[in-house]
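Undergrad: quick one, fold the following:
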Amino acid sequence: MKKVVVGMSGGVDSSVAAYLLKEQGYDVIGITMQIWQEEENQIQEENGGCCGLSAVEDARRVAGELDIPYYVMNFREVFKKQVMDYFIEEYLQGRTPNPCIACNRYVKWEALLRRSFELGADYIATGHYARIERLENGRYAIKNSVTAKKDQTYALYNLTQEQLAHTLMPVGDYTKEEIREIAKAAGLGIEKKPDSQDICFVPDGDYAGFIRCMTKTDAVREGNFVTGDGNVLGRHRGIAHYTIGQRKGLNLSMGKPVFVTEIRPKTNEVVIGDSEDLFTRELYADKVNFMAVPDLREKNRFLAKIRYAHKGAICQVEQVEKDLIYCVFDEPQRAITPGQALVFYDGAYVAGGGTIIGNQL
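TA: This is a model prediction of the structure:
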């Protein structure tokens with residue numbers, strides 16, 4: 001009997017993942033990863049229990065219902081280094097990070113997989129809405145879930161071949177509604193639990209306040225709003241408050257809608273422009289991870305996404321260096337943002353991706 005460790009957040013998806021795998025005959029172990037906190041009860045409830053102390057109570061109870069072993073493991077050190085410190089540094093450098101992608105790669109997979117092997121497990125499993133297949137070329141790849149509404153492949157593009165080879169994602173074959181029905185029929189008692197928020201360690205959404213608190217410095221300091229050619233328009237609250245494409249919260253009286261078009265960390269300036277200034281066809285990305293393909297020896301055409309909620313657009317991707325790709329979209333895309341991920345798809349499969357640098361080197 002194959003042994004699988006399921007990362008249990010206390011939510012519906014991971015609980016049903018554990019249930020489905022036990023029904024399929026696996027020897028299932030439940031683990032909750034403690035990765036940040038301390039949190040107040042009110043925040044626990046508002047945050048849906050994701051990754052917090054409240055997750056333990058629900059996950060332990062579900063494990064009891066399923067009659068599977070359950071452990072709570074401390075991953076705070078690796079989470080702080082690979083997710084929280086990265087998050088802070090990216091914002092201070094004028095980029096907009098995606099901490100969930102970093103957490104998936106380095107905490108929910110790399111650290112958990114290593115700990116699971118120590119327990120004698122063959123696989124780890126999560127409640128992500130995605131599927132894993134081994135392709136004809138021998139490589140493992142993430143495949144779109146059956147429901148586009150909950151598809152989470154974008155946030156999983158950075159997983160390695162070894163990680164994919166030892167991962168199960170049973171939830172990807174179902175819709176969210178079906179998962180809730182399975183939870184109800186199995187008597188798990190969590191079918192109505194709300195989905196967790198994306199950035200679990202900043203539940204109030206005040207990124208700049210979080211950075212100021214964590215760094216204990218004036219790292220988030222005021223600076224100038226400027227035009228593209230340097231004319232001063234006013235004062236901003238600190239670059240961590242802004243992202244490319246932002247319109248709200250600028251407090252500038254320009255007589256027309258204006259947007260953040262660039263962030264300049266070296267001069268602590270936020271560049272303001274018109275909507276049309278946000279559109280571009282080109283970008284470079286580094287920190288490349290290939291998945292369905294081993295590399296890009298020739299230019300290839302893909303459907304690519306530049307953020308989680310992006311519907312995707314056709315482009316040509318070229319590998320210009322070992323760890324650098326150049327992407328040209330057929331049509332201009334709005335608000336291509338440094339720090340976010342470019343993820344390109346070969347049909348339903350993730351071909352690869354990287355971290356967006358910008359439209360020039």
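Undergrad: which residue ranges of the chain form helices?
TA: Listed in chain order, the helices of the chain (DSSP state H) span 12-23, 41-46, 53-66, 76-79, 85-92, 99-103, 112-118, 161-165, 176-185, 207-215.
Undergrad: wait, what's in contact with the closest residue to residue 61 other than its chain neighbours?
TA: Distances taken as CB to CB, 6 or more residues apart in numbering place residue 189 nearest to residue 61, at 7.2 Å, with adjacent residues excluded. Yep, even glycine has a C-beta here, placed from its N, CA and C like the rest. By CB atoms under 8 Å, 6 or more residues apart in numbering, the contact set of residue 189 is 61, 62, 65.
Undergrad: most surrounded residue in those residues?
TA: Neighbour counts for these, by other CB atoms under 10 Å, peak at residue 62, which reaches 26 neighbours.
Undergrad: any idea how far residue 175 is from it?
TA: For residue 62, the distance to residue 175 equals 21 Å [CB to CB, to the nearest Å].
Undergrad: now residue 125
TA: Plainly put, residue 125 is 19 Å away from residue 175 if you go by CB to CB.
Undergrad: these two: which has the busier surroundings?
TA: The neighbour comparison of residue 125 against residue 175 (other CB under 10 Å) goes to residue 125, with 26 against 16.
Undergrad: contacts only, for the closest residue to that one other than its chain neighbours.
TA: Computed as CB to CB, 6+ apart, the closest residue to residue 125 that is not its neighbour in sequence is residue 168, at 4.1 Å. Neighbour list for residue 168: 4, 17, 21, 26, 123, 124, 125, 132 [criterion: CB under 8 Å, 6+ apart].
Undergrad: again with residue 285
TA: Neighbour list for residue 285: 324, 325, 327, 341, 342, 353, 354, 355, 356, 357 [criterion: CB under 8 Å, 6+ apart].
Undergrad: what does residue 153 give?
TA: Neighbours of residue 153 in contact, by CB under 8 Å, 6+ apart: 130, 142, 143, 144, 145, 343, 345, 350.
Undergrad: thinking residue 76 is in contact with residue 36, fair?
TA: Yes. With contact defined as CB atoms under 8 Å, residue 76 and residue 36 form a contacting pair (6.6 Å).
Undergrad: and residue 145, how far is that from residue 304?
TA: As for residue 145, its distance to residue 304 is 18 Å (criterion: CB to CB).
Undergrad: residue 202 now?
TA: Distance, residue 202 to residue 304, by CB to CB: 28 Å.
Undergrad: neighbour-wise, which of those two wins?
TA: residue 304 (25 against 18).
Undergrad: pull the number of nearby residues for the closest residue in space to the more buried one that isn't next to it in sequence.
TA: Using CB to CB, 6+ apart and skipping the chain neighbours, the partner closest in space to residue 304 is residue 344 (4.1 Å). When neighbours are defined as other CB under 10 Å, residue 344 has 28 of them.
Undergrad: tell me what residue 344 is bridged to.
TA: When assigned by DSSP bridges, residue 344 has beta-bridge partners residue 304, residue 352.
Undergrad: ok, it - contacts?
TA: The contact partners of residue 344, by CB under 8 Å, 6+ apart, come to 302, 303, 304, 305, 315, 317, 327, 350, 351, 352, 353.
Undergrad: make TSV out of the helices of the chain and add mean pLDDT and distance to residue 337.
TA: Converted to TSV, the helices of the chain look like this (pLDDT from 0 to 100; distance: least, CB to CB, whole Å):
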stretch	mean pLDDT	distance to residue 337
helix 12-23	97	28
helix 41-46	41	27
helix 53-66	89	30
helix 76-79	95	24
helix 85-92	96	11
helix 99-103	95	14
helix 112-118	95	29
helix 161-165	98	26
helix 176-185	96	27
helix 207-215	90	14
